[in-house]
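Asker: no FASTA, just this:
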């Protein structure tokens, strides 16, 4: 079998040691010979810090894998087998603006949920589609494994506007399963569930322990607070027990942004006043992390890394890449096109759901109609996502306004207009499509 | 042709003179011989005041129509041809509670939009289904023409749980067309439009003047403020011009409760502090109206009636009844089951849209996919409506909580829980289904 | 209002006097000032014969309409308001081959049903799309009213591959209504029905007489032979009474080709041996007709014309054109895109059904799910039609073979292969797309 | 883990040794302790012959499994874990009539395809639903694994009219994979494909060898005759190579009954004249088999068994039961409800497709739209199946006539009427539902 070449765009990310660690552990089943970490010129310093750590980690492991550090994306993409992306256009500075601007209007300021997801998509989609275009020439058969947020939205943009095979990846479902496993004191592999929804908007039902349905029991435990999927990066505000019983499916923590919108916005405003937004704290954590990474003695993933809330990304990514590469016919939760899975969403909409993964890609498991209790929310966020993608592709300000106005957490179109105005001004450097559209 | 018998349930309503007036004018095409105004015992005084006015109006007109006043519903329903409903379970006092309770939590308090619509449906659906049951025995071929709000929700409940033929009627679309006609200085009949949505949540596009498409021109006029569909009962807060241009369809005024939710809630809170809720003002207007109606010299619809904001109800109702009775094959906007009109809503969902009306009933005009800009909102309100109906039928508190939580204007499930608790306590006398459900 | 210009392509058709007669009668509502009859060079003689008759008819009527005869299509199309087509690529000679070749294999040989419809579509679609292309330049807002068979298939090709507004027209539904009216001794306008299906494959139910449902009564009359929709051009073989009762909807006569395929093929083979195919007899009738038309004394539609079985075309066409022109909001049966009318067929499939016609075009009345008794047949013929259109657009022989093999009346793919081979050889002159495809 | 109890209804079938052999081999993963072979009184002799062979086979194997022989179905069903059915209501005598009656009219006479499938369903569905009713009381959590033909139709009847969990099983897909494997000289496990369709009407595409797509290569091999899925019980008539290339998916051999209907009917008529129908030959083979089974020395599955054409049933059944029991999350081809897998078939239609099997049952892999080349045929056979089930449930002769008339291989409704009349007369003893319906 030919040696494997993996390219990670946004290789200077602080998460990279997780990923490298995952590939080192799985070298037997994923015999990667070349690992390219690629970043843009302004990220070169971070790339070198984290890249050198990666090289030390590989060296210590003794496996025959070369880690290349590069800012020449096209050189890297040539003949790649898998391309993973974890880019952040505008870096954490842009995220912090994404958070702060809506908060000025009393609207949720979050990295991927609410207006923040819209703005991140506007910056990110043009870059990812440029990458796809290069891949169509340089590595047309490679898989694009997309970690970049908002993962569902950008995967849908790629599905609709590129021929490159891609999957959107998120650790959310995995973290829910881990949480269930912990509740029952069993290993992750003993737990399964049916997952349906959109990225950062998923619901689990038909929860099983060794194949036996324990949904009712787990929901009751959840209601009683015996279990709660507390993601590191989501404020710890609990859903009312009676609502959990009524809902009767297990929602990802991100759903709190919708179910407890008022409380979460208040919480964010408090945080802002006290220590700054999540993005600002991430910035501090990142700085600290890179200080640790600089240490030439460090040859493994440091424990501090898990504080950033992306602990399962590496496992999720490596196991899905392995399922693709090794034709494993395993079920994983991925972001992929609906194509009949549920008739309640458009056929070309990207959803996050259980899919069988083999060498040919992902085939979701048929789901049928969405229950009314989750249907309206999923459909309205999907309409927002569709408009967000259209705005990102065209740079049309009317479409952008419709997208923001369509988001269920934006309480007024007048507010949407104000946020949009501030967003476009603050992101001027990252929005070539809007400039082009205005020139026309 | 057999003489026509019409029964109006909630006949003691202040709107009744409008309806009587409409039937007097159309006697040539709708030869009603018996008109029964029916109300419940506690409404007897109002029934007599308004009923005697109706009798004076008919007498003055000289047409051969008898107006019967009765509190014996079953006697009235026997062999009816058309049954119209304009009932208000719990009367205006209940409406005022519907408005005030959500406002305590900073949530929209409105008769039909938001939590108020949920609560009104809980009180109304059991009564309407009881009426349908009686009709199945006493007048199984009669048409039920439903004015009672929330008109879309209750019509869907009837569609799903009764065999009685029914249509939900609202003057909203008519008022939009009148507004367009006024803008262009033409008669109402010169204007047409494609209407799609749910009751109090409709959008017009493909607007025509004598068959010529004027949508773009009208939308621009709307944006420039040259036209605005200012319903009497909706606060006069304007949509931002740029949003109107972006939306590019003409929304019913009620949409402001969604598009300007924050502003509308603030407005309502101000009103509450100054003069009381809309319901409280309606109560005053109604009292004044009934004083006028008492005047034994009055033999016609008084001008003060139009101040209540339901001016087009009579025209809408009479023309639709005439289209059914006279097999007219005219297009009217009604609330009726989707059945394929748009694949983006369930087949048994009631929608408000253009439909061909003839003796066989209503057949909507096929619409196809909803554009993303309106799709998410329509779908999420429909999910709320579906849960609202299920709650009203079962009295299940979990379903009731899910319904309120699913409404896009409710900012938190914790708030939903509080509103529900207060609502159920305040409406104890009108919710037999919840009592039954708790006894089980 | 601007004077109306109508262009009829295939103006040399023997049916033209019907059409002219219709426009003369309706001149008050359709004030046509220019009527262009256009044909190709090889049809010039017939064009002149029939065109001069048309000119005499108009002259006699005294209305201010000029009839132009031309072989310059582009000159004619310039600024047209309505373009009607009644073209026959390859003329009756091609039709006769369409009939005879399948019969050699014991397969139905019919103008529009079965392999004949496939072959006619292959010849016709390229020509019609060329016409549409010219219209996009010369009269982009004109309506294309398509009489040309197979009317459903070619209208779908236009819908999918052109921006020109078009409707497919057939007199079939009208003839069914006339038949019902005759059965009840009432005028055509007293009868209505719900029509669903594809061109030459429609079913009527919800049949009404002055709005009252008489379906059960009429079906029983049909079963007892008291009524039968005997189209002039369909052999008179009766459906078994018990099958009519079981079917419980009223099928167009063409359905006999499916329901009595074996008997109809035998009948055709007998006819072939005795007097030749329908096409051959049409040729004789046409010759006789044109002899009559030549008579310079003749100034009106001769009675012999109705012998060709297209008696209601003119009424159907003129009334639909009038509904479009005069914004009539009338319901007519037309061939138009499904767009949600029934979820059991693709959204872009052209169906034949009741539609509201106004200046904006046709909006079908929503129908919902097809009953199983007709669903399978309609769906399988639609799949054949879809493949037929794809073959006609691409000239791909594999697709052509799949189309023929998909037709429910073709009993073997080996037979399909033979018919296709003979068809392509016999039609070489009319199939530029196949030649091009082979050159690639 | 509790000991496993398996019940096989129709245990006297000649196939039973295959099944027993399968369970013996898999005892490690499927620790069956009780195996009940159940048959009806008239099948007692065969039950004893084959049952005693089964007991000898188990004894020889040394595994701790008891084989019970019984005609007391309710005793057997009590607390069963898996119930498999391989019943044949009316035995081979009824099958022979199913074959011969249509052939008198020149119509395909086949066990499951065409009118034969209709008739078998009429006899079988009432018996299977009676079994399900008993299971609802005696073993409500057991899985019903249905081998009984027509497997798709009866599984749909169970899905629609019972709460028992069931899967329909057929070896067809497995035989296709084996055929592909043989063509490439690899093991069965190296091959995979996407399967879609109805039972005995499936198509394979996305064919892979160790995960690599080899569809184009295999189709070409098929066209060149290098491979052909020659099922033992299907006449060996080849599809034209050019049609195979055009179709571009791999059809199950049964598809020849549709694609080469004319040739297959001729072939059947020849066979009938020479040696009798397939059913008659099966009868002879069965007799011979049972002679062999009687041999008290025989302690294993005899080689003659594989001559009956059901070689892969045992593997298919055991591996699916094991996947259910052991929560394997493996993909198998089963008959199960569509529920969104493809929007081109009703949601409650049973389809045959790839599904993930675990303890919770089967979840099909989403497929999306059917390509036109197979869509029409699949949809029209599904409409036939739906009507067949409705007829079997109601005993309504009109519905039965519609079912037969809807079958694409029945060339005339007059023929359908005749076949139905003969069928009902010949099967009088097995059709209680028709007698009941006539009494009403």
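Answerer: Received it, and whenever you're ready, just let me know what you need. Predicted model, so just to flag it, every value in this text is computed and none were measured.
Asker: any idea of the pLDDT on the spatially closest residue to residue A:407 that is not a sequence neighbour?
Answerer: Nearest residue to residue A:407, sequence neighbours excluded (Cβ to Cβ, 6 or more residues apart in numbering or on different chains): residue A:384, at 4.7 Å. To be clear about C-beta, it is placed using only N, CA and C from the backbone, and glycine gets the same treatment. Residue A:384 is assigned a predicted lDDT (pLDDT) of 98.
Asker: now residue A:384: which helix or strand?
Answerer: Per DSSP states H and E, residue A:384 falls inside helix A:372-394.
Asker: so residue A:12 makes contact with residue A:41?
Answerer: No. Between residue A:12 and residue A:41 there is no contact under Cβ atoms under 8 Å: 10.8 Å.
Asker: more neighbours: these two, which one.
Answerer: More neighbours surround residue A:12 than the other of residue A:12 and residue A:41, with 28 against 7 (other Cβ atoms under 10 Å in any protein chain shown).
Asker: and that one, helix, strand or coil?
Answerer: coil (DSSP: H, G, I helix; E, B strand; the rest coil).
Asker: and it, what is it in contact with?
Answerer: Listed by Cβ atoms under 8 Å, 6 or more residues apart in numbering or on different chains, the contact set of residue A:12 reads A:37, A:39, A:43, A:44, A:45, A:46, A:47, A:48, A:49, A:50, A:51.
Asker: where do the strands of chain A begin and end?
Answerer: Ranges of strands in chain A, per DSSP state E, are A:4-9, A:32-38, A:66-70, A:82-85, A:143-146, A:165-168, A:191-198, A:201-209, A:212-213, A:250-251, A:330-337, A:350-358, A:361-364.
Asker: right, so of these, which gets closest to residue C:116?
Answerer: Closest of the strands of chain A to residue C:116 is strand A:330-337, at 40.2 Å (criterion: Cβ to Cβ).
Asker: avg pLDDT for the closest one?
Answerer: 97.
Asker: would it count as contacting chain D?
Answerer: Yes. Strand A:330-337 lies within reach of chain D by Cβ under 8 Å from any Cβ of the partner chain, at A:330, A:331.
Asker: what angle do strand A:201-209 and that strand make with each other?
Answerer: If you take axes from the mean of the first three to the mean of the last three Cα atoms, to 10 degrees, strand A:330-337 sits at 160 degrees to strand A:201-209.
Asker: got the buried residues for strand A:330-337?
Answerer: Using 16 or more other Cβ atoms under 10 Å in any protein chain shown as the test for burial, strand A:330-337 gives A:330, A:331, A:332, A:333, A:334, A:335, A:336, A:337.
Asker: dump the residues you listed to CSV, plus distance to residue D:187.
Answerer: Below are these laid out as CSV (distance: Cβ to Cβ, whole Å):
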residue, distance to residue D:187
A:330, 20
A:331, 24
A:332, 26
A:333, 31
A:334, 29
A:335, 34
A:336, 30
A:337, 33
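Asker: run through those residues and flag the ones next to chain C.
Answerer: Counting by Cβ under 8 Å from any Cβ, no member of the buried residues of strand A:330-337 is near chain C.
Asker: okay, now the unreliable bits of the stretch 251-400 of chain A?
Answerer: By pLDDT under 70, the weakly predicted segments of the stretch 251-400 of chain A are A:307-311.
Asker: interface residues of it facing chain D?
Answerer: Checking the stretch 251-400 of chain A against chain D by Cβ under 8 Å from any Cβ, the hits are A:327, A:329-331, A:338-343, A:347, A:354, A:356, A:358-360, A:363-369.
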